[in-house]
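> How does the following fold in three dimensions:
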Amino acid sequence: MLQFEEIKEDTEDVKIEDTGDKETSLPKSFILVYTDDELTEGYIPELWGKLNEHDFDGDAENIDFVIYFDNLNKTCRIIMALYYSEEDLNVPGINEIAGYYRPIFEEFYNKNKPYC
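Model (predicted):
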């Protein structure tokens, strides 16, 4: 069954360089992390394909998915990464991201999960 784990702003890959007096806008990215203890490793390619083909109609510039089997916890982890452009001045906050993307992702996932 799909379980929401967390949402966070992903800042690990952001590099800040000294630009003198120039103010630099940084790209924003957010990740939503889910687990599913009923999804098996064999279903990962099929699910990954469905998720990547679907248009989630949001304002994120790009959406990527990472799905892998966590051997330690015997569950699949599903990571939805949302990327916004450096030029986008209207990047929503983390609560707005969660409020918009969580329900549409969960609805799509539950309708398209490869197991019954």
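
> ok, then the element right after the helix or strand where S29 lies?
Taking DSSP states H and E as the definition, one finds S29 inside strand 28-36. With elements assigned by DSSP H and E, the helix or strand that comes after strand 28-36 is helix 44-53.

> Identify each of the helices in the protein and give its residue range.
For the chain, applying DSSP state H gives helices covering 44-53, 94-112.

> Throw these into CSV and include mean pLDDT, thanks.
Below are the helices of the chain laid out as CSV (pLDDT from 0 to 100):
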stretch, mean pLDDT
helix 44-53, 94
helix 94-112, 94
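
> one step back: would you mind pulling up the elements that the strand holding S29 packs against?
Here strand 28-36 touches strand 2-9, strand 75-84, helix 94-112, going by 3 or more C-beta pairs under 8 Å, 6 or more residues apart in numbering; DSSP states H and E. Backbone N, C-alpha and C define where each C-beta goes, glycine included.

> Check those for me and report the most buried one.
strand 75-84 (a mean of 19; mean count of other C-beta atoms under 10 Å).

> Nearest to F56, out of the helices and strands packed on strand 28-36?
helix 94-112 (5.7 Å; C-beta to C-beta).

> just how off-centre is that closest one within its chain?
10 Å (C-alpha atoms, centre = their mean, to the nearest Å).

> what's the closest non-adjacent residue to the residue nearest to the spatial centre of the chain?
Compute the mean C-alpha point of the chain, and by C-alpha atoms, centre = their mean the closest residue is M80, 1.7 Å away. Leaving aside its sequence neighbours, M80 sits nearest to L32 (C-beta to C-beta, 6 or more residues apart in numbering; 4.4 Å).
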